[in-house]
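Engineer: Make a model of this:
(2 chains)
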Number of protein chains: 2
Amino acid sequence: MEHLSTFATLELPMIVNFADRAHNHNWELDPIVRSLLDTDFYKLLMLQFIWKHFRTTRVSFGLHNRNLKFRLCEMVHREEVIAQFEHVRKLKFRKSELIWLAGNTFYGTRGIFESAFLEWLENDFALSEYQLSEEDGQFRLSFEGPWVAVTMWEIYALSILNELKTRAALKTMDEFELDILYAHAKTRLWGKIEKLRDVPSLAVADFGTRRRHSFLWQEFAVEAMHAELGKNFSGTSNTFLAYKHDLEAIGTNAHEIPMAMAAMSNSDEELKASQYKMLDLWAQTYGGALQVMLPDTYGTTQFLQGAPAWVADWTGQRVDSKDPFLAGDEYILWLESRGRDPKSKLLIASDGLDVQEILSLHAYFSGHILPGISARDFRNAADFTDERKWRPERRIRFSAGWGTLLTNDFRDCHPRNEDGLEPISLVCKLTSAEGHPAVKLSDNYLKASGPKPLIAHYRKVFGIAGVANIPVLV
Amino acid sequence: MEHLSTFATLELPMIVNFADRAHNHNWELDPIVRSLLDTDFYKLLMLQFIWKHFRTTRVSFGLHNRNLKFRLCEMVHREEVIAQFEHVRKLKFRKSELIWLAGNTFYGTRGIFESAFLEWLENDFALSEYQLSEEDGQFRLSFEGPWVAVTMWEIYALSILNELKTRAALKTMDEFELDILYAHAKTRLWGKIEKLRDVPSLAVADFGTRRRHSFLWQEFAVEAMHAELGKNFSGTSNTFLAYKHDLEAIGTNAHEIPMAMAAMSNSDEELKASQYKMLDLWAQTYGGALQVMLPDTYGTTQFLQGAPAWVADWTGQRVDSKDPFLAGDEYILWLESRGRDPKSKLLIASDGLDVQEILSLHAYFSGHILPGISARDFRNAADFTDERKWRPERRIRFSAGWGTLLTNDFRDCHPRNEDGLEPISLVCKLTSAEGHPAVKLSDNYLKASGPKPLIAHYRKVFGIAGVANIPVLV
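Structural biologist: Model (predicted):
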């Protein structure tokens, strides 16, 4: 099976590339992170924000596996983790990458990254040290230091661990089985993309960097979406893929900023106000662009109810931990109550989506369904079978951020039906800021993080309106 | 998508093979037939037989498309056909190939090909001229000359036309679509092979050369079968693949010999006797090895009823045009009536098989079914739901010759659901011997060939016992 993947054959004239062959069997490391741009775009936006406002703030991040039954240390060697981490620490932003960050248009705006920041990226950016230990078959990783040196670890560390896990599973297969594995996965992916093709006004983006099967598989998935969905593929959160393939880079901000600002507040009043102070500071930094908020850090319902008037001016919100049907309805009602037209606003869902839910949400909020398919066909859509809630017209601009089930759906693809290729729920979160433990509540009790007594205190301050129990898949 | 199929990436060090790239865009011809061994093994056995007994006999063969609605000339250019045909005519048997024919063991016997024949192959073998014309959107091909110069055209011509048709369909797809197409087809193929895996005592061989999707796809399918089925994969009819991959070469003889001998007979008595005279001559040529007969040329039922006693000594029969459940039952009863033990005999089915029928026939004749599956589960097996006929013990050694649906099942694999990759029913048959038109009756009225008045005469001579109407798929 020597020439399996290229379908070449010995009978055709073929000149051996001796240099290539020799290089292949002398590889020191097959790097997982090929560029410092291989991260979610929002990390770069947040990095500039942190660099501007919190340059000396010290934080810690911690990485752990939420699926305790999957013992990662038994598949992946500590030495491999270290080799990949050290490789990333040696990377520098390349000149052409920095020029692209300076010259490219993001969300329609050029010059989002200021030149002092880009100079700092070029000359002074460096990743912090890390602590790696093992406990109960799980890796424990912690990162401590200046926020600007720690924050970028999140995505590099997650994609490295996920791809090392992938490689470990692939090592148990022979070349033929690998070929079949990818044939199955391509067939699965293509089947999904076919369902999204030709759906009017659909907007779907790749959000799958952190839990991807591998870099190359994410690249394949992104190219497939780009080729087949055309303008309905709105872009990728992966900055390197956006750079390499001329795609829109997608993303604004994440929980770490409100969490850090909350951790550093000095009173319950400051704590409650910090979630809006963060938005204010963001708007000061980036102006009118990039005003998509993430209101669930301490519960969406309390966030919206207590929000200052100007919050309704923001372009939209990303739903990360609430049932997106309920979250969208809540946002629409809130916008109307604040005298805003929801039709001009944006709703982004990004939590464990797959094709069926993307189509359901798109239909529910945008009023565009597939020809011949009635609203009732979307059975797994919460509240969707209630026709009083179904209106065949646009209610809000809906966009799907498709993550793990785009870039790592290898369920039932193994040619011998073995395990090992399922995505696992690795997370890397802020754990403290300036020595104060960080807390996230979210709209899902199961996604809360932080020390338990502090979670209880935060729940007293923010309340628990609208918080639910939703099983976490990925 | 430059490096799609190899999953390479620009970020990894890579040295361009300039010679290879330059060669690729200067290709004169991508040959379909890479070696004169790229033919069914029985053609070589028959060639030696013809060379020994009919060296000066002149014949004609004709090629046509049984699916008239598929207009081959509209997809494939006449010039491409000629270029590929001329390429085959320039090929020679290579020294290493002839040494392999001389030294390899076929059906457990070494030295099946005698050295004078191999010398002739090396020095004197040459393909005849051919006539290519077009009519109603179809190619008409005829080959005339000494039988030893004509017979080998059959498989080369069929696989060339089928692969040119494949290439024409592939030209309409971009690189990404091609990748998905093959992912679909590999998934399909793998699903089939999985069903055959671990079935006790299964014997299945590749018989798919003539209607294959392409040479490389046949090679892939054969390697997949070999890797996954182990000893239950009994070999391939393709001599070149057997040679290249150390597999058993499978096959004995085909209709052209009894047809030619029938055409050359001088009376109805000689005509009727010719079908046995052929077997006698075959046994004289090859001794005890290779005694698998093909009794359906003029109808299996009359063949068995009128057969001389020694015919029951032959090892087995291949069923090509009769319902194989019925044909096997008939053969078993006949063997018992002649005092032979069917359990020691071989039954090979080879007509349009797919996985489900292979499993059904294997269960029906060998008494081995999949664990947990009852005889009743094989619903498409004729007469199989009648439990009186089902006995869970071996009745005869059964072997499946899996053809077109192994090497060319691309149904529903097209990424845009277009047509063009379905197998078509091209056939290349003996049309005359020494100026006398050749006739085949077969066990299926729809598969009879020859001039109509002569078919009628043959039916008078041989009778029509046991002949049925069965739709021809491939």
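Engineer: can you map out the strands along chain A?
Structural biologist: Here chain A has its strands, by DSSP state E, at A:58-65, A:105-106, A:109-110, A:131-135, A:138-146, A:204-206, A:233-236, A:292-293, A:316-319, A:346-349, A:397-402, A:426-433, A:436-437.
Engineer: Redo these as CSV? Include distance to chain B, mean pLDDT and mean neighbour count.
Structural biologist: Every C-beta, even on glycine, is put in place using the N, C-alpha and C of the backbone. CSV is the format used below for the strands of chain A (distance: least, Cβ to the nearest Cβ, whole Å; pLDDT from 0 to 100; neighbours: other Cβ atoms under 10 Å in any protein chain shown):
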stretch, distance to chain B, mean pLDDT, mean neighbour count
strand A:58-65, 25, 96, 21
strand A:105-106, 22, 94, 17
strand A:109-110, 26, 92, 11
strand A:131-135, 26, 96, 11
strand A:138-146, 25, 97, 19
strand A:204-206, 16, 98, 26
strand A:233-236, 13, 98, 24
strand A:292-293, 30, 96, 23
strand A:316-319, 30, 97, 25
strand A:346-349, 27, 97, 23
strand A:397-402, 19, 97, 24
strand A:426-433, 24, 97, 22
strand A:436-437, 39, 98, 16
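Engineer: Lowest-scoring secondary structure element of chain A by mean pLDDT?
Structural biologist: helix A:18-24 (a mean of 76; mean pLDDT, DSSP states H and E).
Engineer: distance between that one and the chain's centre?
Structural biologist: On the basis of Cα atoms, centre = their mean, to the nearest Å, helix A:18-24 sits 36 Å off its chain's mean C-alpha point.
Engineer: The strands of chain A: which one's closest to residue A:89?
Structural biologist: Residue A:89 sits nearest to strand A:138-146 of all the strands of chain A, at 11.5 Å, using Cβ to Cβ.
Engineer: other SSEs contacting the closest one?
Structural biologist: Secondary-structure packing of strand A:138-146 (3 or more Cβ pairs under 8 Å, 6 or more residues apart in numbering or on different chains; DSSP states H and E): strand A:58-65, strand A:131-135, helix A:153-170.
Engineer: mind listing what the second one pairs with, with the direction of each?
Structural biologist: When pairs are called by DSSP bridges, strand A:131-135 turns out to pair with strand A:138-146 (antiparallel).
Engineer: if I look at residue A:86, how far off is chain B?
Structural biologist: 18 Å (Cβ to the nearest Cβ, to the nearest Å).
Engineer: domains of chain A?
Structural biologist: A:41-173+A:426-462, A:177-407 (automatic domain parsing).
Engineer: and among those, the most buried is which?
Structural biologist: Among the domains of chain A, the stretch with the highest mean neighbour count (mean count of other Cβ atoms under 10 Å in any protein chain shown) is domain A:177-407, at a mean of 20.
Engineer: quick one: that domain to chain centroid distance?
Structural biologist: Offset of domain A:177-407 from its chain centre (Cα atoms, centre = their mean): 10 Å.
Engineer: what's the first-to-last distance across that domain?
Structural biologist: In domain A:177-407, first residue to last residue: 20 Å (Cα to Cα, to the nearest Å).
Engineer: again with stretch A:422-440
Structural biologist: Distance across stretch A:422-440, first residue to last, is 26 Å (Cα to Cα).
Engineer: Stretch A:105-114 now?
Structural biologist: Distance across stretch A:105-114, first residue to last, is 13 Å (Cα to Cα).
Engineer: Return the distance of it from the chain's centre.
Structural biologist: Counting by Cα atoms, centre = their mean, stretch A:105-114 comes out at 21 Å from the chain centroid.
Engineer: what does it contact?
Structural biologist: A:41, A:44-45, A:48, A:101-104, A:248-249, A:286-287, A:289-290 (Cβ atoms under 8 Å, 6 or more residues apart in numbering or on different chains).
Engineer: now, among those, which is nearest to residue B:348?
Structural biologist: Residue B:348 lies nearest to residue A:248 out of these, by Cβ to Cβ, at 59.8 Å.
Engineer: Can you verify my assumption that the closest one contacts residue A:242?
Structural biologist: Yes: assessed by Cβ atoms under 8 Å, residue A:248 is found in contact with residue A:242 at 6.5 Å.
Engineer: Could you pull out the residues contacting both of the two?
Structural biologist: Counting by Cβ under 8 Å, 6+ apart, the residues touching both residue A:248 and residue A:242 are A:235-236.
Engineer: Now pLDDT and distance to chain B too, for the contacts of stretch A:105-114, in JSON lines please.
Structural biologist: Shown next, in JSON lines, are the contacts of stretch A:105-114 (pLDDT from 0 to 100; distance: Cβ to the nearest Cβ, whole Å):
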{"residue": "A:41", "pLDDT": "98", "distance to chain B": "19"}
{"residue": "A:44", "pLDDT": "98", "distance to chain B": "19"}
{"residue": "A:45", "pLDDT": "98", "distance to chain B": "24"}
{"residue": "A:48", "pLDDT": "98", "distance to chain B": "25"}
{"residue": "A:101", "pLDDT": "97", "distance to chain B": "18"}
{"residue": "A:102", "pLDDT": "96", "distance to chain B": "21"}
{"residue": "A:103", "pLDDT": "94", "distance to chain B": "20"}
{"residue": "A:104", "pLDDT": "95", "distance to chain B": "19"}
{"residue": "A:248", "pLDDT": "97", "distance to chain B": "19"}
{"residue": "A:249", "pLDDT": "97", "distance to chain B": "18"}
{"residue": "A:286", "pLDDT": "95", "distance to chain B": "30"}
{"residue": "A:287", "pLDDT": "88", "distance to chain B": "34"}
{"residue": "A:289", "pLDDT": "83", "distance to chain B": "30"}
{"residue": "A:290", "pLDDT": "93", "distance to chain B": "28"}
